[in-house]
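Peer 1: Here is my input; please provide its structure:
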Amino acid sequence: MPLPGVVVAAARGGGAAEEAAGDSGFEDGIREVLQNLTSVLKTLEETTDAPLRAVLGWLTRRDVGFSSKSDASVQCMPQEIPEEVSLMQLVCAEPTNPGIIQLLDWYHGPREIVIVMELMESSVDLSQFVKMQRSPLSETQVRNIFRQIVKAVQHCHSRGVFHRDIKPKNILIQISTEQIKLIDFGSGTLLHNQEYIRFCGTWLYAPPECVARKSYAAVPTTVWSLGVTLYMILCGHLPFKTSDEIIKYRFNITRDLSEECEDLIRQCLSFSPKWRPTLEDILVHQWLC
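Peer 2: Here you go, the predicted structure:
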């Protein structure tokens, strides 16, 4: 299958001391790495019908570059595979899922990791897509988008990957086709049945148990994030504005929705993780069938 293009995203490690030293050395390092990529990029250009475009993102502790992260620092020793790369290798192995951004290659630079990914042509993140619309998205439109998201997340779990940061900004959507791709595995980890202690992700998409600094399980946490995402793309804003509202469980559905749609949102946003549906339950819910 011809590749629509290539994205090159660079993530660097190091802390405040390195940041204080300035970005010039980092940029020089990136140039060196990209020079080493020339032959690879030329090969990719020869094997694709679409124009090849390389987008370089500097992912620091600030929200800069290709994807937005609260903490995108990379901790790895030379020649070790960074966790974000290893997770992408798992989810991108054959057979692939069309709802996952594909990893093409990755490289160690002097002080950074360069990740080469496919480029989704004419796409924006899902939050931008919602803002671009002159009127709220229809339930039919959202149903198609949300089903793709759930299937992409289900694929991640089937490969033993817990994304941990499901939100509209981490979902690309092609404007013409409304095909989605899940991106940014920087907060992810391996999926297991035990509860997790340390939270990574975006707080306003986190369930009460995470906000209360308690242990949390992968599937209920993911389902809550999906519920917040579904609410946001339907209503145009988040159900909770602060962590305190999440803890006190204060939210209202501010749009007139079908009974089935509202039921799915409320199930996903159940206060107790035991009450939330599984991914399989969501896919057979009456609103998605």
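
Peer 1: residues near residue 158, how many?
Peer 2: Residue 158 has 13 neighbouring residues, counting by other C-beta atoms under 10 Å. To be clear about C-beta, it is placed using only N, CA and C from the backbone, and glycine gets the same treatment.

Peer 1: Start at 440, not 1
Peer 2: Sure thing, new numbering starts at 440, so read that last one as residue 597.

Peer 1: For residue 618, see how far away it is.
Peer 2: Remark: distance between residue 597 and residue 618 (C-beta to C-beta, to the nearest Å) = 20 Å.

Peer 1: which residues does the residue nearest to residue 599 when sequence neighbours are not counted contact?
Peer 2: In this structure, residue 599 finds its nearest non-sequential neighbour in residue 630, 4.9 Å apart by C-beta to C-beta, 6 or more residues apart in numbering. Residue 630 is in contact with 595, 596, 599, 600, 601, 657, counting by C-beta atoms under 8 Å, 6 or more residues apart in numbering.

Peer 1: Can you turn the buried part of those residues into a ChimeraX selection?
Peer 2: In ChimeraX, the members of the contacts of residue 630 classed as buried (16 or more other C-beta atoms under 10 Å) are selected with the following command:
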select :595,596,600,601,657
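
Peer 1: mind listing which of the contacts of residue 630 are in strands?
Peer 2: Of the positions in the contacts of residue 630, 600, 601 sit in strands, assigned by DSSP state E.

Peer 1: Can you tell me which of the contacts of residue 630 is closest to residue 553?
Peer 2: Using C-beta to C-beta, residue 600 comes nearest to residue 553 of these, at 21.2 Å.

Peer 1: Out of the helices and strands in the protein, which is least certain?
Peer 2: helix 455-459 (a mean of 34; mean pLDDT, DSSP states H and E).

Peer 1: For the stretch 540-689 of the chain, just list every one of the helices.
Peer 2: Ranges of helices in the stretch 540-689 of the chain, per DSSP state H, counting those that start in this stretch, are 565-571, 578-597, 647-650, 657-674, 682-687.

Peer 1: Just list the residues touching residue 604, thanks.
Peer 2: 623, 625, 626, 627, 639, 640, 641, 644, 664.

Peer 1: Retrieve the pLDDT associated with the third one.
Peer 2: The model reports residue 626 with a pLDDT of 96.

Peer 1: That one: neighbour count?
Peer 2: For residue 626, the count of nearby residues is 22 (other C-beta under 10 Å).

Peer 1: Residue 539 touches residue 624, doesn't it?
Peer 2: No - using C-beta atoms under 8 Å, residue 539 is not in contact with residue 624, being 9.3 Å away.

Peer 1: what's the overlap in contacts for the two?
Peer 2: With C-beta under 8 Å, 6+ apart, residue 539 and residue 624 have common neighbours residue 530.

Peer 1: Of those two, give the one with the bigger neighbour count.
Peer 2: For residue 539 versus residue 624, neighbours defined as other C-beta under 10 Å are more numerous around residue 624 (28 against 24).

Peer 1: Excluding covalently adjacent residues, which one is nearest to the most centrally placed residue in the chain?
Peer 2: In the chain, the C-alpha nearest the mean C-alpha coordinate belongs to residue 609, at 3.3 Å (C-alpha atoms, centre = their mean). With C-beta to C-beta, 6+ apart as the criterion, residue 609 has its nearest non-adjacent residue at 4.5 Å, and that residue is residue 623.

Peer 1: Likewise for residue 565?
Peer 2: Among residues not flanking residue 565 along the chain, residue 607 sits closest, at 3.7 Å (C-beta to C-beta, 6+ apart).

Peer 1: Count the neighbours of the one you found for me.
Peer 2: By the criterion of other C-beta under 10 Å, residue 607 has 22 neighbours.

Peer 1: coming back round to it: what's the distance between the residue nearest to the centre of the chain and residue 533?
Peer 2: For residue 609 relative to residue 533 (C-beta to C-beta), the value is 23 Å.

Peer 1: what does residue 627 give?
Peer 2: Relative to residue 533, residue 627 is positioned 20 Å away (C-beta to C-beta).

Peer 1: again, but for residue 673
Peer 2: Distance of residue 673 to residue 533, computed by C-beta to C-beta: 34 Å.

Peer 1: Nice, that's everything, thank you.
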